[in-house]
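Participant: could you work out the structure for the sequence below:
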Amino acid sequence: MTRTELAEVVVREATPDDAEPIADLYTLARIHAVPMMPAALHTNAEDRAYVARRILEPEVTMWVAESEGAVIGFATCTPTFLDSLYVRPGHTGQGIGSLLLDVVEATHPDGYELWVFESNVGARRFYERRGLVEVERTDGSGNEEKAPDIRMAWRTAPS
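Facilitator: Coordinates of the predicted model:
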């Protein structure tokens with residue numbers, strides 16, 4: 001898919017039927033993200049079980065970017081946080097993450113926060129270009145991977 005083919009990408013709210021494709025994309029993306037991100041600590045089966053539970057939580061909204069019936073990206077949100085945003089390897093750099101972030105920003109008009117690994121320089125640059133700012137750095141002792149991370153925030157300008 002090229003940048004000019006983005007019209008073929010549909011972003012929609014995920015359904016429970018999307019749990020398995022979302023989990024599989026997450027597993028694949030985490031494998032391909034090393035060393036920008038620490039290696040994932042869970043198996044694909046564990047990822048599938050987690051996403052199947054999480055997609056049913058009332059305070060969680062998941063969005064999928066879909067092309068030709070395949071999930072090629074997803075974002076997971078709570079009312080105040082963007083918990084995850086992943087794009088299928090081979091589809092990055094084509095505007096899919098931006099489409100997902102457009103939806104997150106439209107559905108979070110008062111702003112949101114996220115955590116990103118310090119080592120994930122590409123994601124940090126992407127979020128900075130979108131107007132997120134760093135608000136906290138940690139040594140990683142509070143995350144599963146024990147890797148340094150950064151809390152970033154996006155806020156709309158006061159009217």
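
Participant: partners of the nearest residue to residue 108 once chain neighbours are set aside in the sheet?
Facilitator: Sequence neighbours aside, residue 77 is the residue nearest to residue 108 in space, at 6.9 Å (criterion: CB to CB, 6 or more residues apart in numbering). C-betas here are computed from N, CA, C, even on glycine. When bridges are taken as DSSP bridges, the partners of residue 77 come out as residue 61, residue 82.

Participant: so residue 77 makes contact with residue 61?
Facilitator: Yes. The pair formed by residue 77 and residue 61 meets the contact definition of CB atoms under 8 Å, at 4.9 Å.

Participant: between these two, which one's more packed in?
Facilitator: Relative neighbour count places residue 77 above the other of residue 77 and residue 61, with 22 against 19, counting by other CB atoms under 10 Å.

Participant: how much space between the more buried one and residue 15?
Facilitator: Distance, residue 77 to residue 15, by CB to CB, to the nearest Å: 15 Å.

Participant: ok, residue 117 next?
Facilitator: Using CB to CB, one gets 29 Å for the distance from residue 117 to residue 15.

Participant: settle it for me: which of those two has more neighbours?
Facilitator: Neighbour comparison, residue 117 and residue 15: the larger count goes to residue 117, with 19 against 10 (by other CB under 10 Å).

Participant: may I have the beta-bridge partners of the more buried one?
Facilitator: residue 149.

Participant: what confidence value was assigned to it?
Facilitator: We have a pLDDT of 98 for residue 117.

Participant: what is the neighbour count of residue 87?
Facilitator: For residue 87, the number of neighbouring residues by other CB under 10 Å comes to 22.
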